[in-house]
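mind looking at a prediction? Sequence and model below.
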Amino acid sequence: MVAGRPFQDPADADTSAAQRITITLDAHRTRFDLAGRKVWGQSYNGSFVAPTIRVAPGSAVTIRLVNHLTVATNLHFHGLHVAPTGVSDDPFLCVAPGKSLTYRLAIPKDHPQGTFWYHSHAMGTTCPKPGQMVADDMDDDMSGPMSGMSGMGGTTGTGGTSASPAAFMPGDVENQISAGLSGALIVGDDRTLLPQKLRHITAHTLVFKDAQIDAGGSIVQNTGSSSIDSGAPTVRLVNGQLRPVLSMRPNETQLWRLTNAGADIFYRLQLDGYRFTVVGEDGTPVAKVRTASSLLLPPGKRYDVLVTAGPRPGGAWLRTLAYSNGPQGDSYPDTQLLRLDVHGARATRLPGVSGRVPTAAPDLAGAKIAQKRKLVLSESADGDSFYINGKQFMMSDGSAFATPAKLGTVEEWTIYNTSGEIHPFHLHTSDFQVMSVNGVPQPYTNRQDIIPVPYEQNGKPGEVVIRIAFDDFPGRYMFHCHIAAHEDNGMMSFIDVVR
Ligand SMILES: [Cu+2]
């Protein structure tokens, strides 16, 4: 593989600002170019990093997913606040091999502007039987929910015979994201929220994905004869590039949209000698701008950061620091990711940014709590099976909770982790506010959709308290660990949200 080429942003799926956008994503086995090496994997458009989808708040987006894989697939629009019902952001939708499905997303006018991503959320390798259609406008599109159950109680089985408990069937998310099926999705342009002088700075999208490549030149997959080991050596890539060189002028300020779009592994980013100025987290503008010398990005995490080059020509490495996510988890070595090269004519230094970024969500600290809930994340000693409240998720299951959430209310959830590794908890459809971590109150800075839940130590489970405002969109909100291997093997459930 070839390192040191000039940095390139991922290709855009569509740069049109039109109110109706149609994008076709063709999922297929692909031999792509990965930093100068030909590698077999899967892609939506031919490259390891899927095209960046750009959408405007208030727009209607049409995305046609064509499945040329040999297994079922689908799409999840991670972090988007759009309907989880209909052919929108519902991971129970399933596109069988050889079929297609047209997703229609209505992006709310007041949708936060920031960085999101999209990826396969296939909860199995096959779709359920035909006849379980959930949408009626599919033309020749063959699709159906991956489950025949509504999740609201009661079965819809046709035979009437009570079946023995179904055997657990793992999902296929780890395979499909690892192979290449993920990319960035940007809503609006959060530069417009910055002080006037910063609204025209250069913005870059940095999509972090790693590739484990086998001796035959294919990305490692879970098959009958092989399996992905997330702790095994891997090649860390930025936009599919190996240690690219990103150029800035002395004193220049840029916005970097950092996205961990990989399946399993964490990044702990540091730009040597620099600090990141965080203006957005998980696609949401922050209520209090902060600076950080390093940022932890579990799978699925995003940060929008300002970086200001030093006053003199020079260089610095963007690296992921050595990191362990727990005694039962993985350890990753310190690895260089990207070379910042500062050269050329000195730019005018722009003012710094502080305080609240406009449109930041309100603090939920004083909210009336309608319901408190508990979730326990656990795993088997061998680290192969994963549970929420003692249960491995199956598509035919109902919610982990006996009672639904009501629209217009705020809930407080306490998430415990009784295992020996961090689990990054992710909620679909709605972001949340982190109130405390291991009992330590967290000052409010922003809403987010991923929070690493610490592992158990000295017999004391890790504990995170979050608050969720169920403002709109009734339906099924999935939640799960975003280490794809854990989600695939059971650490997932959902809450029903009702009017
Ligand atoms: Cu996990």
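Everything's here; your move.

can you pull the buried residues of stretch 352-365?
Going by neighbour count (16 or more other Cβ atoms under 10 Å), the buried part of stretch 352-365 is Val353, Val357, Thr359, Ala360, Ala361, Leu364. All C-beta spots, glycine's among them, are computed from the backbone N, C-alpha and C.

distance across it, terminal residue to terminal residue?
With Cα to Cα, to the nearest Å as the measure, stretch 352-365 spans 28 Å from end to end.

which element, helix or strand, includes Asp304?
Assigned by DSSP states H and E, Asp304 belongs to strand 302-308.

and that strand, average pLDDT?
Across strand 302-308, the average pLDDT comes to 98.

so where's this structure uncertain?
Within the chain, the stretches with pLDDT under 70 are 14-21, 129-165.

centre-most residue in this structure?
Taking Cα atoms, centre = their mean as the criterion, Gly300 is the residue nearest the geometric centre of the chain, at 3.0 Å.

next, count neighbours for the closest residue to that residue other than its chain neighbours.
Leaving out its chain neighbours, the residue that sits closest to Gly300 by Cβ to Cβ, 6 or more residues apart in numbering is His482, at 4.1 Å. Burial of His482, expressed as a neighbour count using other Cβ atoms under 10 Å, amounts to 25.

isn't His482 up against Pro299?
Yes. His482 sits in contact with Pro299 when judged by Cβ atoms under 8 Å, with a separation of 4.6 Å.

shouldn't His486 be within a helix?
Yes. With DSSP: H, G, I helix; E, B strand; the rest coil as the criterion, His486 is located in a helix.

number of nearby residues for the residue nearest to it when sequence neighbours are not counted?
Closest residue to His486 in three dimensions, ignoring its sequence neighbours and counting by Cβ to Cβ, 6+ apart: Phe386, at 4.6 Å. Other residues near Phe386 come to 24 when the count uses other Cβ under 10 Å.

can you pull the contacts of His482?
For His482, the contacting residues are Pro298, Pro299, Gly300, Pro424, Phe425, His426, Ile450, by Cβ atoms under 8 Å, 6 or more residues apart in numbering.

mind doing that once more with 10 Å?
For His482, the set of contacting residues under the criterion of Cβ atoms under 10 Å, 6 or more residues apart in numbering consists of 78, 173, 260, 263-264, 298-301, 423-426, 449-452, 491.

ditto for Leu181
25, 27-28, 41-44, 48, 50, 69, 73, 75, 118-122, 172-173, 175, 261, 263.

ok, and which of these reach the ion?
When Cβ under 5 Å from the ion is applied, no member of the contacts of Leu181 is adjacent to the ion.

the residues you listed in strands, which ones?
Taking DSSP state E, the ones among those that sit in strands are Leu25, Ala27, His28, Gly41, Gln42, Ser43, Ala50, Tyr118, His119.

closest one of those residues to Thr126?
Nearest to Thr126 among the ones in strands among the contacts of Leu181: Ala27, at 15.3 Å, using Cβ to Cβ.

show me the contacts for the residue in the stretch 101-250 of the chain that the ion sits nearest to.
Taking Cβ to the ion as the measure, the point where the stretch 101-250 of the chain comes nearest the ion is Ser230, at 10.2 Å. Taking Cβ under 10 Å, 6+ apart as the contact definition, Ser230 lies against 174, 178, 210, 212, 262-266, 299, 325, 329-330, 332, 483-486.
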